[in-house]
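Undergrad: pasting the sequence and the predicted model now:
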Amino acid sequence: MQQENSAGLARSIWQRCAGALPGLLSGRWLLPAGVASSAHTLLIGRALRAFCDGFVAILLPAYLFELGIGMWQVGVLSSATLLGSALMTLALGAWGHHQDDRRLLLAAAGLMCVTGLLLAGLSQFWPILLVAFIGTVNPSAGDVSVFLPLEQARLSAAADGHGRTTLFSRYTFTGALFAALGALATGFPDLLAHWGLERLTALRAMFVLYAVVGLVVFGLYRQLPPVTAHVDAARAAPLGPSRATVVKLALLFSIDAFAGGLVVNTLLALWLFDRFDLSLAAAGGFFFWAGLLSAASQLAAPLVARRIGLLNTMVYTHIPANIALICGALAPSLPWALGLLLLRALLSQMDVPTRTAFVMAVVTPAERAAAASFTAVPRSLASAASPSLTGALFAAGWLAAPLVACGLLKIAYDLILWKAFSRFDAR
């Protein structure tokens, strides 16, 4: 009876998911007025990739468990994916501007396809770890792949002024929305298992789907006109008067990123599986609603910042979110844990758009590109260091420790940030 109920839930959420995708991707609602039509292709590609990220991040620990891989290895693999993405992005920044960005996007889509096929076919930890390091798997809620800077460069050239700001907002919102929809697809393996397919085979099928979507993205990006990326003069300007401010921000952002890496989606799903024996379908439903709340909060963040300021928005929403995370880690029952984690999802991402805007506000215009790079790279590297620590703590039986540590570190980051930069706050 329990298996039938699980299969029924899986079938229901899969039908909702499959029914929503065509309508959301069709039409031009994604594209602001006055923006080049090529941006529509990029937004659809972002939506498809986010959909895959949404289910892979949750299915990955379940898949690795089916292969006999333990908690600590899941953490190491999550660290490897983040580190590989960070190093690939660094390489792209150093040498990518010499290449046609369309060709690089096609190469990234091809890598996505190969990543899915290899993960579907491999069974041993070390080969899977290598694929995770060089591939495009994303264990976190946001996009950390090599696609991100390439797509953003294209989008920057597709609009000007306010249209560009709106376009980037749609890009971020689209990613969050379709990652939430992708979370619903985690119930699909239960549906396949109900139809008689072996569970491991059903999980492998999802990575084949990931590869197929990579192939679709490859076809989409073939439609893009070849444009060679040009380096803006302001981009070449090194840090000058704002160097000390940017260095301080980079160090603080690294603390925040290290803390966030302790509870990436893959590890949070692992915690829910082990702590409450949550099914894949139920986990998918939770991450769906968490993703929707996160997407809504990112739309609300600019409105809140207009009233109370960028820094206050970051701090005043982040601290309650992390208190909710700590309480959720110690919650005595599943309903309490899920409720507190959903509250965290509603508040925790409001600092994402405001953080970028704040960095741009406290440096001179000529230093903005350099400041963005200088603050982003340490964040990527710091976030890659912590998932393996979470895996080790989980394996030792300290299930609540990573979540509590994440919340406490982030609260400390918020307080230090507010004390150090409150005089700089802007709206």
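TA: Arrived safely.
Undergrad: so where is the stretch 101-250 of the chain shaky, pLDDT-wise?
TA: Across the stretch 101-250 of the chain, the ranges flagged by pLDDT under 70 are 141-142, 144, 159-166, 227-239.
Undergrad: change it to 90
TA: 101-104, 136-177, 184, 187-197, 223-247, 250 (pLDDT under 90).
Undergrad: any idea how far the helix or strand hosting Thr375 is from the chain center?
TA: Per DSSP states H and E: Thr375 is located in helix 368-385. Helix 368-385 sits 15 Å away from the centroid of its parent chain (Cα atoms, centre = their mean, to the nearest Å).
Undergrad: and that helix, what does it pack against?
TA: Counting contacts by 3 or more Cβ pairs under 8 Å, 6 or more residues apart in numbering; DSSP states H and E, helix 368-385 is packed against helix 71-95, helix 243-261, helix 351-361. Any C-beta I mention is one placed from the backbone N, CA and C, and that applies to glycine too.
Undergrad: for Ala372, which residues are in contact?
TA: 356, 359-360 (Cβ atoms under 8 Å, 6 or more residues apart in numbering).
Undergrad: now these in CSV, with distance to Val35?
TA: Below are the contacts of Ala372 laid out as CSV (distance: Cβ to Cβ, whole Å):
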residue, distance to Val35
Thr356, 20
Val359, 24
Met360, 21
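Undergrad: which one of those residues is nearest Ser169?
TA: Thr356 (11.2 Å; Cβ to Cβ).
Undergrad: any idea how far the closest residue to that closest one other than its chain neighbours lies from Ser242?
TA: Distance criterion Cβ to Cβ, 6 or more residues apart in numbering; nearest residue to Thr356, sequence neighbours excluded, is Ala372 at 7.4 Å. Ala372 is 12 Å from Ser242, where distance means Cβ to Cβ, to the nearest Å.
Undergrad: repeat for Leu83
TA: Remark: distance between Leu83 and Ser242 (Cβ to Cβ) = 28 Å.
Undergrad: cool, Arg199 as well?
TA: In terms of Cβ to Cβ, Arg199 sits 54 Å off from Ser242.
Undergrad: quick one, which of the two is more surrounded?
TA: Ser242 (19 against 15; other Cβ atoms under 10 Å).
Undergrad: just the pLDDT for the closest residue in space to that one that isn't next to it in sequence.
TA: Nearest residue to Ser242 in three dimensions, chain neighbours excluded: Val363, at 4.0 Å (Cβ to Cβ, 6+ apart). With respect to pLDDT, Val363 scores 80.
Undergrad: same question for Gly75.
TA: For Gly75, the predicted pLDDT is 93.
Undergrad: residues contacting it?
TA: 267, 387-392, 394.
Undergrad: nearest to Ala296, of those residues?
TA: Nearest to Ala296 among those, with distances taken as Cβ to Cβ, is Leu267, at 23.8 Å.
Undergrad: find the nearest non-adjacent residue to Leu83, please.
TA: Ala384 (3.8 Å).
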